[in-house]
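Engineer: predicted coordinates and the sequence they were generated for:
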Number of protein chains: 2
Amino acid sequence: MDNDCLTCPVRDESLFGALPEEAVRRLNNPAENLVIPAGEVLYRENAEASASYTLKDGVIKLTRTAMNGREQILRLLTRGDVMGLECMLGQRYNHTATTLTPVQVCRLPLTALKRLQTDNPALNHALLTRWAAALQQVEMLAVELGTKKASERLATFLLFWNERTGGHDDMPLPLSRTETGELLGLTVETVSRFFADWKRRGHLSEKAGVVYLHDRSALRELSGGDTSGLLS
Amino acid sequence: MDNDCLTCPVRDESLFGALPEEAVRRLNNPAENLVIPAGEVLYRENAEASASYTLKDGVIKLTRTAMNGREQILRLLTRGDVMGLECMLGQRYNHTATTLTPVQVCRLPLTALKRLQTDNPALNHALLTRWAAALQQVEMLAVELGTKKASERLATFLLFWNERTGGHDDMPLPLSRTETGELLGLTVETVSRFFADWKRRGHLSEKAGVVYLHDRSALRELSGGDTSGLLS
DNA sequence: CGAGGATTTGATGTTTGTCAATGATAGTGG
DNA sequence: CCACTATCATTGACAAACATCAAATCCTCG
């Protein structure tokens, strides 16, 4: 298994991007490379947190289960994202991490992470940045959930995900209708109805898990008027 | 103005709680003590972030405005909480901070904070902890917003706020109906209706901004189950 | 090809938002 | 101290949005 941190394709985007080459060399490749099929649980909410993970390829959802049994997707992770950092605080995992596609991840044990941190204070800033980014994302989700209606949330999400995946007209959407609902606080049926409606209107089409955006401006309208670029 | 960090009543709960006395002494009291009436804006979303603040007394709301103009309260801060830490990352303020009661806050300029951080690596862990706690809180909010209905959210919030303010039968609730709605993703009317209903049923009563919980178990039922872990 | 799961669609009910009016409360100035 | 005013809270009638329940259809994969 190739787990050479120096040649890692996501090194720049990863936590180690902040470290000098020499420091990375001294890591002695503590990370373990994992390849995992879609639909697997990487770790589970409330389980003992003994490692963090860096996503090298694929998509992962972080979810939490409410007391009424309903699930909420809190974040979607893509290449370069880090998860499970809460292990550093001696916490249990705060979410369940589930693969939505086949995935390649690096498992970095807590012990290695701690050693790295003490040896290399520069890492602290990178960690803060990660935490801040996660907070930022969840805050955006909360604003969506608290202030917008179904169609606006869905349209916003499609545009968001489109940007996130490179901004091409066609984008892979590895979420089922149910999961999209679990992210946006909606039922399967509601999600399905808007998809169907927008397909009929020609705003988008879909084939084998790939969504084609034909009319971004229509979606931008539906998303609740982010006219910022045009007006101000 | 008394701004002696050593004798600060919230020192243990503050960022400096982690620092040894000697280090606090060397701080040379860089913080500025402020007393502010209710309804004032401490800092505004997107403004240049030049300082963080520690709340010594009172209640503050952190809000963000959606593109459609609606406001979302993202966090409620009480004694010991820190806000504006995003200044450390060179970001603009991520929220608008508004006082809900008269408050006492300590303003810690970014320059002092940075110096403190380099001089005292122990602070880094405290910072991470703060960020993690904020993330935890917003995630709980997102789960509430995404998975529960109006009455459940409101009941959960009342129990949460009760614990947060000491768990006594009577608690000050410095939020208007509108603001409660802005926190829970509801309209004024919906909030008001449930309050009225629960008063009629004898679950609670209210007088001059103080809520008396008469039947916690009824609220716990209404909240849709568990309330543990709401405090972080 | 067939089975099982996911998606779509329709019919219906509940929840919540919207609009409008009224009642309560607190601060202000005479 | 008392009206006066502005703001907040309550209530009702109604409409819109969304959930729920129940089929039917589509897809995927063995």
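Structural biologist: On my side now, so go ahead. Residues are numbered from 1 along each chain as shown, chains lettered A, B, ... in the order given.

Engineer: could you pull out the buried residues of stretch A:168-187?
Structural biologist: Within stretch A:168-187, the residues that count as buried by 16 or more other Cβ atoms under 10 Å in any protein chain shown are A:171, A:173-175, A:177, A:179-186. Placement of C-beta: from N, CA and C, glycine included.

Engineer: now find how far off-centre it is within its chain.
Structural biologist: 12 Å (Cα atoms, centre = their mean, to the nearest Å).

Engineer: who's in contact with that stretch?
Structural biologist: A:38, A:59, A:61, A:63, A:70-73, A:76, A:100-101, A:141, A:144-145, A:150, A:153-154, A:157, A:161-162, A:165, A:188, A:190-192, A:195, A:206, A:209-214, B:145-147 (Cβ atoms under 8 Å, 6 or more residues apart in numbering or on different chains).

Engineer: can you give me the domain assignment for chain A?
Structural biologist: Using automatic domain parsing, the domain ranges for chain A come out as A:5-145, A:148-222.

Engineer: right, is the longest one up against chain B?
Structural biologist: Yes. Remark: domain A:5-145 sits within contact range of chain B at A:64, A:66-68, A:70-72, A:74, A:86, A:88-89, A:91, A:94, A:121, A:124, A:127-129, A:131-132, A:134-136, A:138-139, A:141-145, by Cβ under 8 Å from any Cβ of the partner chain.

Engineer: quick check: residues of chain A near DNA strand C?
Structural biologist: A:176-178, A:188-189, A:191-193, A:195-196, A:199, A:206 (Cβ under 7 Å from any atom of the strand).

Engineer: list buried residues within the residues you listed.
Structural biologist: A:177, A:191, A:193, A:195.

Engineer: would you reformat those residues as JSON lines and include distance to residue B:107?
Structural biologist: Supplementary listing: these in JSON lines, determined by distance: Cβ to Cβ, whole Å:
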{"residue": "A:177", "distance to residue B:107": "49"}
{"residue": "A:191", "distance to residue B:107": "46"}
{"residue": "A:193", "distance to residue B:107": "50"}
{"residue": "A:195", "distance to residue B:107": "49"}
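
Engineer: taking those residues, tell me the two that lie furthest apart.
Structural biologist: Greatest spatial distance among these (Cβ to Cβ): A:177 and A:193, at 9.9 Å.

Engineer: which helix in chain A has the most residues?
Structural biologist: helix A:122-147 (DSSP state H).

Engineer: can you give me the buried ones in it?
Structural biologist: Using 16+ other Cβ under 10 Å as the test for burial, helix A:122-147 gives A:123-124, A:126-132, A:134-135, A:137-147.

Engineer: buried sites along stretch A:197-204?
Structural biologist: Using 16+ other Cβ under 10 Å as the test for burial, stretch A:197-204 gives A:198, A:203-204.

Engineer: check contacts around the residue most central in space within chain A.
Structural biologist: For chain A, the residue nearest the mean C-alpha position is residue A:77 (1.8 Å; Cα atoms, centre = their mean). Listed by Cβ under 8 Å, 6+ apart, the contact set of residue A:77 reads A:55, A:59-62, A:83, A:97.

Engineer: next step: these restricted to helices.
Structural biologist: Helix and strand membership here follows DSSP H; of these, not one is in helices.

Engineer: is any residue of stretch A:188-202 near DNA strand D?
Structural biologist: Yes. If you take Cβ under 7 Å from any atom of the strand as the test, stretch A:188-202 does meet DNA strand D, through A:189-190.

Engineer: the helix or strand hosting residue A:153 versus helix A:122-147: what angle between them?
Structural biologist: Using DSSP states H and E, residue A:153 sits within helix A:150-164. If you take axes from the mean of the first three to the mean of the last three Cα atoms, to 10 degrees, helix A:150-164 sits at 150 degrees to helix A:122-147.

Engineer: continuing past helix A:150-164, what's the next helix or strand?
Structural biologist: Using DSSP H and E, the first helix or strand after helix A:150-164 is strand A:170-172.

Engineer: mind listing what that following strand pairs with, with the direction of each?
Structural biologist: strand A:210-213 (antiparallel) (DSSP bridges).

Engineer: and the partner strand, what's buried?
Structural biologist: Result for strand A:210-213 [16+ other Cβ under 10 Å]: buried residues A:211, A:213.

Engineer: can you list contacts of that strand?
Structural biologist: By Cβ under 8 Å, 6+ apart, strand A:210-213 touches A:158, A:162, A:169-173, A:203-206, A:219.

Engineer: could you work out the most separated pair of the residues you listed?
Structural biologist: A:172 and A:203 (18.1 Å).

Engineer: for chain A, what spans make up the strands?
Structural biologist: A:32-36, A:41-43, A:51-57, A:60-65, A:71-77, A:82-83, A:96-99, A:103-109, A:170-172, A:204-207, A:210-213 (DSSP state E).

Engineer: could I get the ones you listed as JSON lines with mean pLDDT?
Structural biologist: Shown next, in JSON lines, are the strands of chain A (pLDDT from 0 to 100):
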{"stretch": "strand A:32-36", "mean pLDDT": "92"}
{"stretch": "strand A:41-43", "mean pLDDT": "96"}
{"stretch": "strand A:51-57", "mean pLDDT": "95"}
{"stretch": "strand A:60-65", "mean pLDDT": "98"}
{"stretch": "strand A:71-77", "mean pLDDT": "98"}
{"stretch": "strand A:82-83", "mean pLDDT": "96"}
{"stretch": "strand A:96-99", "mean pLDDT": "97"}
{"stretch": "strand A:103-109", "mean pLDDT": "94"}
{"stretch": "strand A:170-172", "mean pLDDT": "95"}
{"stretch": "strand A:204-207", "mean pLDDT": "94"}
{"stretch": "strand A:210-213", "mean pLDDT": "96"}
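
Engineer: make JSON lines out of those strands and add distance to residue A:116.
Structural biologist: Output for the strands of chain A, formatted as JSON lines (distance: least, Cβ to Cβ, whole Å):
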{"stretch": "strand A:32-36", "distance to residue A:116": "15"}
{"stretch": "strand A:41-43", "distance to residue A:116": "20"}
{"stretch": "strand A:51-57", "distance to residue A:116": "11"}
{"stretch": "strand A:60-65", "distance to residue A:116": "22"}
{"stretch": "strand A:71-77", "distance to residue A:116": "21"}
{"stretch": "strand A:82-83", "distance to residue A:116": "13"}
{"stretch": "strand A:96-99", "distance to residue A:116": "21"}
{"stretch": "strand A:103-109", "distance to residue A:116": "8"}
{"stretch": "strand A:170-172", "distance to residue A:116": "33"}
{"stretch": "strand A:204-207", "distance to residue A:116": "43"}
{"stretch": "strand A:210-213", "distance to residue A:116": "39"}
